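> Just the structure for this:
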Amino acid sequence: MSDKQDFFNYLAPTSPFPLGLEIDRGDGVYLFDVHGKKYMDLISSIGVASLGHAHPEVTEAVSRQIRKYGHVMVYGEYIQKPVVQLAKALAARLPNGLQSAFFVNSGTEANEAAMKLAKRITGRYKIIAFDKSYHGNTQGSMSVSGNEYRKRAFRPLIPGIRFIEFNDTVGLDCIDESIAAVIAEPIMGDAGVVIPKREYMKQLRKKCTDTGAQLIFDEVQTGIGRTGKMFAFEHFGIQPDILTLAKGLGGGLPIGAMISSYDNMQQFSHDPMLGHITTFGGNPVCCAAALATLKEILKPGILDKIEEKGAFFEEELRHPEIVAIRRKGLMMAIELKNEELVNKVIEKALDKGIIVYWFLSTRNSFRISPPLNITFDELELASSILKDILSNL
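Numbers count the residues shown, from 1 in each chain. Okay, here's the model as predicted:
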């Protein structure tokens, strides 16, 4: 029996129609299937492969660490050098108030931890979230995600959640002294790369400050350079009380982080002790990969070129079939006239060796989020192929 048959027989499905590529290896911006066909990965494995595939520095860091030791203890008990170094490296890039990290395994876990921390800090339970938001698929994260179709089959979810419209100041009046937290993506990803006004974000920050509500920024998609700054909140001149990261942080390995102030994080250590725990969070191999990824992104020519690359690609991709391009850095949504055209583009692009992908909640747009170190020549080639597809729909 082939691996393809075994895939359908032994792995639980997520949809009736998986893409079904049989991947053999990756190299830079490319993935190769078992038949040798090359695919340009314009979605970075959904934002995870932030430096492409099999990056030599990340690969070496993983290899070096796994030869020393892998998992040795639950998070928070043993002192492990790559874990400590990663926390320190993140703190060096973050403002005061965001200096203490709790490492987990994924974005949804980071958001679950953030909501728990906000409830513990405030003694409140109500949370404000946003229509069309996406924060993950575990019970709590799904509860604050704004897509009712995706949640309906799993209700009841956690209580006390209210949804407001993003980038609309009227909804901010709902934030009062009963609210534990407001959870927001500083740039909404699954909604199709919705970029708020700077003044709106400042009002959101002020409202949370005035009422004592904790402002949680979910930067699972936007963090670690994706938008042209290390963290997307830097575009708006504010900072959250609690920050969550994942995806691109690990450079291909699974890791998430929930970050807040030193004082806030002490809340998990007592009454009850072990107020938040994880077995695999802070895995030293994943932390070594994340540390190597951070170091590479901070080298000249990576972070400082992201906006330039995004602008170049946007200009190269202009086409009459495209209704709109929403973009910050190398985080892009390409809007077409309808969902049918999006499906055709994704299918035809795969045939031509280009991987682009859907948004869960914005079906008339497709996502592009290539590795941050993609070259201008690779962007030009990708845009040429995509424009040819658009011209022959």
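
> contacting residues around the nearest residue to Gly223 once chain neighbours are set aside?
For Gly223, ignoring the flanking residues on the chain, the nearest one in space by CB to CB, 6 or more residues apart in numbering is Leu245 at 4.6 Å. Backbone N, C-alpha and C define where each C-beta goes, glycine included. Neighbouring residues of Leu245 by CB atoms under 8 Å, 6 or more residues apart in numbering: Leu90, Gly107, Ala110, Glu219, Val220, Gly223, Ile224, Gly256, Ala257, Ile259.

> And for Leu381?
With contact taken as CB under 8 Å, 6+ apart, Leu381 is in contact with Met40.

> helix/strand/coil for it?
Here Leu381 is recorded as helix under DSSP: H, G, I helix; E, B strand; the rest coil.

> and which of the contacts of Leu245 is nearest Phe236?
Minimum distance to Phe236 across the contacts of Leu245 is 12.1 Å, recorded for Glu219 (CB to CB).

> In the helix or strand containing Arg326, which of the residues would be classed as buried?
With secondary structure defined by DSSP states H and E, Arg326 is part of strand 324-328. Neighbour-count burial for strand 324-328, with 16 or more other CB atoms under 10 Å as criterion, is recorded at Ile325, Arg326, Arg327, Lys328.

> Closest to Thr122 out of these?
Lowest distance from Thr122 to these (CB to CB) belongs to Lys328, with 30.7 Å.

> Can you give me the distance of the residue lying closest to the closest one once chain neighbours are set aside to Glu335?
Spatial nearest neighbour of Lys328, chain neighbours left out: Thr227 (4.2 Å); criterion: CB to CB, 6+ apart. Distance, Thr227 to Glu335, by CB to CB, to the nearest Å: 18 Å.

> hmm, back to that, which strands and helices sit next to the strand holding Arg326?
When contacts are defined as 3 or more CB pairs under 8 Å, 6 or more residues apart in numbering; DSSP states H and E, strand 324-328 packs onto helix 306-316, strand 331-335.

> Out of these, which gets nearest to Phe130?
strand 331-335 (16.4 Å).

> What strands line up against that closest one, and which way round?
When pairing is defined by DSSP bridges, strand 331-335 lines up against strand 324-328 (antiparallel), strand 365-368 (antiparallel).

> Just checking, which helix or strand succeeds it along the chain?
Once the chain leaves strand 331-335, the next helix or strand it forms, by DSSP H and E, is helix 339-351.
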